[in-house]
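Asker: Here you go, sequence then predicted model.
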Amino acid sequence: MSKEKAVSETPIEEPSSMFNLARKVLLAGVGAVALAQDEIEAFIKKLVERGEMAEQDGKKLMREVMDKRKKGTRRAEIEIDRRFEDVLGKMNVPTKADIDALSAKVGALSKKVDELKKPGA
């Protein structure tokens, strides 16, 4: 009986551990981006303080770095979304679109049932 219990609990634990793993990876990525940004700002500030770079050039460089970071972040978000959808598809987890489509069908069927229940139909 304990063997059956272990088997039945396994599917419940897998999505949770998958979620936790994905969460940890995403949080680590966010932390790395924040750390990298701080390091870049500090590096540019040092260059400006030493006179190796004009203040305006430092600001311009920082804007360029931030713009590239935003573009890279957006590309990463798109790739993460795609991979996450692939994983959910392999796990047979319905998407929001699937649930919305099913809800629309249930609504349409409910209307038909209500019409059939009316006297004289």
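Answerer: Cool, got the structure.

Asker: What's the separation between the most centrally placed residue in the chain and Lys96?
Answerer: Centroid check for the chain by CA atoms, centre = their mean gives Asp81 as the closest residue, at 5.5 Å. According to CB to CB, to the nearest Å, Asp81 and Lys96 sit 12 Å apart. Heads up, the C-betas are built off the backbone N, CA and C, glycines and all.

Asker: By mean pLDDT, point me to the weakest helix or strand of this structure.
Answerer: helix 2-50 (a mean of 68; mean pLDDT, DSSP states H and E).

Asker: Over the following helix or strand past that helix, what's the mean pLDDT, rounded is fine.
Answerer: Next helix or strand after helix 2-50 toward the C-terminus (DSSP states H and E): helix 55-90. For helix 55-90, mean pLDDT rounds to 84.

Asker: any idea which helix or strand comes after helix 55-90?
Answerer: helix 96-117.

Asker: Could you check that following helix and say which residues are buried?
Answerer: For helix 96-117, burial by neighbour count (16 or more other CB atoms under 10 Å) applies to no residue.

Asker: distance between it and the chain's centre?
Answerer: 30 Å (CA atoms, centre = their mean, to the nearest Å).
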